[in-house]
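S.K.: Any chance you could fold what I've pasted below:
(one chain, ligands or ions: 2)
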Amino acid sequence: MASVGWCIEKRSDVGHEPGGTETVLEAGCLSIIVLGASGDLAKKKTFPALFNLYRQGFLQSSEVHIFGYARTKISDDDLRNRIIGYLIQGTASEHSEDVSKFLQLINYVSGSYDTEEGFRLLDKEISAYEQLKNSVEGSSRRLFYLALPPSVYPSVCKMIKDYCMNKSDLGGWTRIVVEKPFGKDLDSAEKLSTQIGELFDEPQIYRIDHYLGKELVQNLLVLRFANRFFLPLWNRDNIDSVQIVFREDFGTEGRGGYFDEYGIIRDIIQNHLLQVLCLVAMEKPISLQPERIRDEKVKVLQSVIPIKREEVVLGQYEGYTDDPTVPDNSNTPTFATVILRIHNERWEGVPFILKAGKALNSRKAEIRVQFKEVPGDIFKCQKQGRNEIVIRLQPLEAIYMKLTVKQPGLEMSTVQSELDLSYRQRYQGVTIPEAYERLILDTIRGDQQHFVRRDELKAAWEIFTPLLHGIDKGEFKPTTYKPGSRGPVEADELLERAGYVQTHGYIWIPPTL
Ligand SMILES: NC(=O)C1=CN([C@@H]2O[C@H](COP(=O)(O)OP(=O)(O)OC[C@H]3O[C@@H](n4cnc5c(N)ncnc54)[C@H](OP(=O)(O)O)[C@@H]3O)[C@@H](O)[C@H]2O)C=CC1
Ligand SMILES: O=C1O[C@H](COP(=O)(O)O)[C@@H](O)[C@H](O)[C@H]1O
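M.R.: Numbers count the residues shown, from 1 in each chain. Ligands and ions are numbered 1, 2, ... in the order given. Model (predicted):
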């Protein structure tokens, strides 16, 4: 197991610009508290991510303890038994000793989310552990991960603030991680932000969007700003359209109750896809300081003009309302294509097409940047297709550029082909970290670059709230589509109207080893 101590590289805050990093020695013991430990996210994502960090040496048993907290009355062992299967999944058998050792780092505390009793008990347990480690009071670090429905965030944050804070400021800290959906519209999100903002300062709040932890999303700034190729081309003069697409080949699967309240726009588009859009469209930040990057993202969001009704297609898959937790007359979209337009010098006139759907014919997420046609087409090859750069976020991470080349052989004819950077082939033996793993490590390191700032969130809700209110009032109706299909045909028609040219007779085949 690689040993990684707590001497970490921490990005300095505003005032230390540009660029520089400083080394901060964080020596206090670390308590990670997973609230909602009995739930779905905790078992599927949070605990496995913590395990992987532990396995790779980023969490040391001498310095870290993990507490699960929820109302369900279970023992430490019950919790361990609930999560063990998710830790072992995808883990080689040689790691079974690590699994046992990791599980011993976890204790469970049961209590409610709005009364002091449980939180006093939780504080007592954390303090006991800190004392055991001889941690100097105030130097210890407490990370609260809210794997909970947002309805309980305000009361939970109040309880943490009143009963569970790190006791003083001797280099220690208290941070909270909150999951999406952060609000349901502009007003509710602002209300939630204000409630939490009265209790914690912005540098203590980590609004997680797990798409920001995906490898190829993290690569976007490097790709755009470290390569001469792209700098002069990345604008309205050369790019005709940008698509950011999320497809899932399964339906709401046991999460129907939650999903019906939110729908695909709040579940995927307003957060995950919009965050990706920001990174594709933003200007170059003056440095890699998290605040400087987030400043640029906010500017993009604030430049988006109101969504036009005719640039939206909504769908709902057949059979969606068969779920007993979904009302028969549900108007909730499980599919949406929405065109956003950015009113600035770089992007005026370029449609940013955000598309997301459940129960479709495939599972993938990608960014597809389509370039304009070459003027003066001497090869008469225009009909074969346009240049595209495709960034495949998942599965099979890849970046490929679709381009026209000479067909090999004696004739001078042209054909569509690609320059392909397929990660599995290029980076053999390299394990790409899970998004949650990376983001939890960032919260421990105090790096907020890949988290959503309050003003970003506000600007994101400003874009979608009018449309969402229209849908909630039943003013827009989703059209039905067949599960396993591409979604409503109207979505492809909208794409065509937006100027997207489908390439026929060419398909990218991920290379095999
Ligand atoms: N599951 C997923 O894949 C993803 C989830 N998220 C977000 O993460 C958060 C947690 O999600 P998930 O784990 O699926 O949610 P769950 O519905 O599984 O809830 C987590 C825990 O919260 C408690 N809980 C549930 N409902 C309520 C309620 N109405 N009032 C008080 N406590 C409640 C339960 O614990 P107990 O009863 O023991 O207290 C439950 O085990 C949510 O904000 C969700 O939107 C984000 C991305 C993906
Ligand atoms: O946040 C969510 O994301 C998942 C998809 O995540 P991915 O990393 O597998 O692409 C989605 O299934 C879920 O509905 C949504 O809440």
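
S.K.: count of residues packed around the residue of the stretch 51-200 of the chain found nearest ligand 2?
M.R.: Here the stretch 51-200 of the chain gets closest to ligand 2 at one residue, residue 180, 6.5 Å apart by Cβ to the nearest ligand atom. All C-beta atoms are positioned from the backbone trio N, CA, C, and that covers glycine. Residue 180 sits with 20 neighbouring residues when counted by other Cβ atoms under 10 Å.

S.K.: Likewise for the one 10 residues further on?
M.R.: As a burial measure, residue 190 scores 17 neighbours (other Cβ under 10 Å).

S.K.: How about the contacts made by it?
M.R.: With contact set as Cβ atoms under 8 Å, 6 or more residues apart in numbering, residue 190 has these partners: 183, 458, 461.

S.K.: ok, and the most crowded of those residues?
M.R.: Most surrounded of the contacts of residue 190: other Cβ under 10 Å gives residue 461, at 24 neighbours.

S.K.: could I get the strand or helix carrying that residue in PDB with only the CA atoms?
M.R.: According to DSSP states H and E, residue 461 maps onto helix 454-472. Provided in PDB are the C-alpha atoms of helix 454-472 (Å, rounded to 0.1, in the frame of the first residue of the first chain):
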ATOM      1  CA  ARG A 454     -23.100  29.500  -4.600                       C
ATOM      2  CA  ASP A 455     -23.200  32.100  -7.300                       C
ATOM      3  CA  GLU A 456     -22.700  29.300  -9.900                       C
ATOM      4  CA  LEU A 457     -25.600  27.400  -8.500                       C
ATOM      5  CA  LYS A 458     -27.800  30.500  -8.600                       C
ATOM      6  CA  ALA A 459     -26.900  31.300 -12.200                       C
ATOM      7  CA  ALA A 460     -27.600  27.600 -13.200                       C
ATOM      8  CA  TRP A 461     -31.100  27.800 -11.600                       C
ATOM      9  CA  GLU A 462     -31.800  31.100 -13.300                       C
ATOM     10  CA  ILE A 463     -31.400  29.400 -16.700                       C
ATOM     11  CA  PHE A 464     -33.700  26.600 -16.100                       C
ATOM     12  CA  THR A 465     -36.300  27.800 -13.600                       C
ATOM     13  CA  PRO A 466     -38.800  29.400 -16.100                       C
ATOM     14  CA  LEU A 467     -38.800  26.200 -18.200                       C
ATOM     15  CA  LEU A 468     -39.100  24.000 -15.100                       C
ATOM     16  CA  HIS A 469     -42.000  26.000 -13.800                       C
ATOM     17  CA  GLY A 470     -43.700  25.700 -17.100                       C
ATOM     18  CA  ILE A 471     -43.400  21.900 -17.000                       C
ATOM     19  CA  ASP A 472     -44.500  21.800 -13.400                       C
END
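
S.K.: quick one: the residue of the chain found nearest ligand 2 from residue 252, how far?
M.R.: The nearest approach of the chain to ligand 2 comes at residue 267, 4.8 Å away (Cβ to the nearest ligand atom). Applying Cβ to Cβ, to the nearest Å, the value for residue 267 to residue 252 is 9 Å.

S.K.: residue ranges of the strands in the stretch 51-200 of the chain, please?
M.R.: Using DSSP state E, counting those that start in this stretch, the strands of the stretch 51-200 of the chain run over 64-70, 106-110, 141-146, 173-178.

S.K.: and the third one with strand 173-178, angle?
M.R.: Interaxial angle, strand 141-146 versus strand 173-178 (axes from the mean of the first three to the mean of the last three Cα atoms, to 10 degrees): 10 degrees.

S.K.: residues in contact with strand 141-146?
M.R.: The contact list for strand 141-146 (Cβ under 8 Å, 6+ apart) reads 26, 28-36, 46, 126, 153, 156, 160, 164-166, 172-179, 440, 443-444.

S.K.: Off-centre distance for that strand?
M.R.: 19 Å (Cα atoms, centre = their mean, to the nearest Å).

S.K.: Just the pLDDT for the closest residue to ligand 1 within the stretch 351-500 of the chain.
M.R.: Relative to ligand 1, the nearest point of the stretch 351-500 of the chain is residue 436 (9.4 Å; Cβ to the nearest ligand atom). We have a pLDDT of 97 for residue 436.
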